[in-house]
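[1] model the following, please.
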Amino acid sequence: MCKPGTYSAAGASSCSLTSAGYYTAAGASAQEDKCPWGFYCYNDGSNIWREIPAPVYSTGVSGKGGYYLPSITYTSTSVTGTMTACDAGYYCPFGDLKRYPCPAGHYCPASSALPTPCPAKYFNINIMMTSLTDCTAN
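    Numbering: from 1, shown residues only. Alright, predicted model coming up:
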């Protein structure tokens, strides 16, 4: 059995450090598991999840929301990712790495940090609407 932060691939006679971006679940040293979203895992044998540091997801965003992090690249010493403008029909709050479907009663143009509510006396029962024209008068 391998110690935490290492694993032994099927048929291997020795243990290896987990790959960058992966960890080894407690008591399960035969496989690596992908590090949870919003965290990174170095291949340093520590087997500890670390939160993605703010510079990774705030660089180039100018202090506003409307961006998300679709993928992250891990190396043994760094974590990098490129923020992407939020797609129409989604909103991407600042400080969050994900995008969320625009809720009913709202619309979300591209690069929305928050959903925009339909005006008074208008409604929309669908999710992921993209413009004011998706709101219908009562």
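[2] for the rest of this, base every contact and every neighbour count on C-alpha atoms.
    Noted.
[3] quick one: contacts of stretch 115-128?
    With contact meaning Cα atoms under 8 Å, 6 or more residues apart in numbering, stretch 115-128 is reached by 88-91, 101-108, 132, 134-138.
[4] just the buried members of the residues you listed?
    88-91, 101-108, 132, 134-135 (16 or more other Cα atoms under 10 Å).
[5] widest-spaced pair of the residues you listed?
    Using Cα to Cα, the buried ones among the contacts of stretch 115-128 span at most 16.9 Å, a distance reached by Y91 and C135.
[6] ok, M1 - how many residues close by?
    By other Cα atoms under 10 Å, the residues close to M1 number 12.
[7] now it: how far from S8?
    8 Å (Cα to Cα, to the nearest Å).
[8] ok, for F94, nearest residue in space, not its chain neighbours?
    Spatial nearest neighbour of F94, chain neighbours left out: G65 (3.8 Å); criterion: Cα to Cα, 6 or more residues apart in numbering.
[9] just confirm T133 is within a helix.
    Yes: the assignment for T133 (DSSP: H, G, I helix; E, B strand; the rest coil) places it in a helix.
[10] pLDDT score for the residue lying closest to C35 once chain neighbours are set aside?
    Leaving aside its chain neighbours, C35 sits nearest to Y22 (4.8 Å; criterion: Cα to Cα, 6+ apart). As predicted, Y22 sits at a pLDDT of 76.
[11] who is Y22 paired with across the strands?
    Note on Y22: beta-bridge partners K34, judged by DSSP bridges.
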